[in-house]
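Visitor: What shape does this take:
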Amino acid sequence: MPPHILILAVVGAGLVAGYRMAYRAMKKPAADAKPDVARNEPRDLGALQWDEAAGAYRPHQH
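Guide: Now for the predicted structure:
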């Protein structure tokens with residue numbers, strides 16, 4: 001078998017293995033990631049106060 005075909009087969013196998021490893025790494029969640037449920041829950045900001053400068057409601061500063 002010619003050497004360039006062997007080299008091409010080894011490079012192809014390496015690319016496939018690298019792709020599979022990268023796919024598995026991207027699919028696995030990060031260790032410090034919070035679950036989706038905690039991120040989607042609304043936060044209680046307490047009493048809101050109108051901020052004229054911003055034109056929006058902001059949490060009341062005590």
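
Visitor: Name the residues of the longest helix along the chain that come out as buried.
Guide: Longest helix in the chain, counting residues (DSSP state H): helix 3-27. Buried residues in helix 3-27, counted by 16 or more other CB atoms under 10 Å: none are found. Every C-beta, even on glycine, is put in place using the N, C-alpha and C of the backbone.

Visitor: Report the distance from it to the chain centre.
Guide: How far helix 3-27 lies from its chain's middle: 24 Å, per CA atoms, centre = their mean, to the nearest Å.

Visitor: So for that helix, mean pLDDT?
Guide: Confidence for helix 3-27, expressed as mean pLDDT, is 95.

Visitor: same check, this time on stretch 55-62
Guide: For stretch 55-62, mean pLDDT is 86.

Visitor: Would you indicate which residues of that stretch are buried?
Guide: Under 16+ other CB under 10 Å, stretch 55-62 has no buried positions.

Visitor: just how off-centre is that stretch within its chain?
Guide: Distance of stretch 55-62 from the chain centroid (CA atoms, centre = their mean) equals 31 Å.

Visitor: coming back round to it: can you spell out which helices and strands pack onto the longest helix of the chain?
Guide: The contact analysis (3 or more CB pairs under 8 Å, 6 or more residues apart in numbering; DSSP states H and E) places helix 3-27 against no helix or strand.

Visitor: Endpoints of stretch 47-59, how far apart?
Guide: This stretch, stretch 47-59, spans 6 Å end to end (CA to CA, to the nearest Å).

Visitor: Show me what that stretch is in contact with.
Guide: Stretch 47-59 is contacted from outside by 45-46, 60-61, using CB atoms under 8 Å, 6 or more residues apart in numbering.

Visitor: repeat that for 6 Å
Guide: Stretch 47-59 is contacted by residues 45-46, 60 when judged by CB atoms under 6 Å, 6 or more residues apart in numbering.

Visitor: what about residue 53, how many neighbours?
Guide: Using other CB atoms under 10 Å, residue 53 is surrounded by 6 other residues.
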